[in-house]
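[1] Quick one, structure for this:
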Amino acid sequence: MYRILLAEDDRVMRDYLTRALERSGYAVTAVDRGTAALPLIEAERFDLLLTDIVMPEMDGIELAQRAGEIAPDMRVMFITGFAAVTLKAGKQMPQARVLSKPFHLRDLVLEVDRLFEQGSFTTSG
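    Residues are numbered from 1 along each chain as shown. Have a look, this model is predicted:
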């Protein structure tokens, strides 16, 4: 089972995404900010970091860059409602996927599924 670390500061969105991904067979650990995600990345293995870009304390791009230093094999997908932020993410983390809000949960799950189907990818569970 693939393990996803979700960093999303909006509680309703965080709960909504967690439920959708868990229903699709993923193990999800959810936190409300990037600074809460880093210690988890250091302590556990995750297959995907799914992070909002605009968050307090540490934005998703900085989180992804720091996570990449700790766990270089972990994949990254950004979610954001800001077009300009999407462009910044694409420049700073070109290997990451960016999903713009609003999106349907089905689209999110399909993107996550596609990400795991690409190439050889080992599961941690």
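
[2] So V98 belongs to a strand, correct?
    Yes: counting by DSSP: H, G, I helix; E, B strand; the rest coil, V98 is found in a strand.

[3] change the start of the numbering to 504 and stick with it
    Let's use 504 as the start, then, which means that last one is V601.

[4] was I right about it contacting M580?
    Yes: counting by Cβ atoms under 8 Å, M580 is a contact partner of V601 at 7.5 Å. In this view, the C-beta of every residue, glycine as well, is placed from N, C-alpha and C.

[5] How about the contacts made by P597?
    Applying Cβ atoms under 8 Å, 6 or more residues apart in numbering to P597 gives no contacts.

[6] any weak-confidence spans in the protein?
    For the chain, applying pLDDT under 70 flags the ranges 586-593, 622-628.

[7] where exactly do the helices run in it?
    514-526, 537-546, 563-573, 586-595, 608-620 (DSSP state H).

[8] Run through the neighbouring helices and strands of the last one.
    Using 3 or more Cβ pairs under 8 Å, 6 or more residues apart in numbering; DSSP states H and E, the elements in contact with helix 608-620 are helix 514-526, strand 551-555, strand 578-583, strand 600-603.

[9] Next, the contact list for the closest residue to P605 other than its chain neighbours, please.
    When the adjacent residues along the chain are set aside, P605 lies closest to G584, with 7.4 Å between them (Cβ to Cβ, 6 or more residues apart in numbering). By Cβ under 8 Å, 6+ apart, the contact list for G584 reads V557, S603, K604, P605.

[10] can you check L602 too?
    L602 touches M580, F581, I582, T583, D610, L611, E614, counting by Cβ under 8 Å, 6+ apart.

[11] Can you tell me the closest non-neighbouring residue to the last one?
    So that's E614. In space, E614 is closest to L602, 5.7 Å off (Cβ to Cβ, 6+ apart).

[12] does that neighbour have beta-bridge partners, and which?
    I582 (DSSP bridges).

[13] separation between it and L613?
    With distances taken as Cβ to Cβ, to the nearest Å, L602 is found 10 Å from L613.

[14] Likewise for R506?
    19 Å.

[15] And these two? Which one has more around it.
    R506 (17 against 14; other Cβ atoms under 10 Å).
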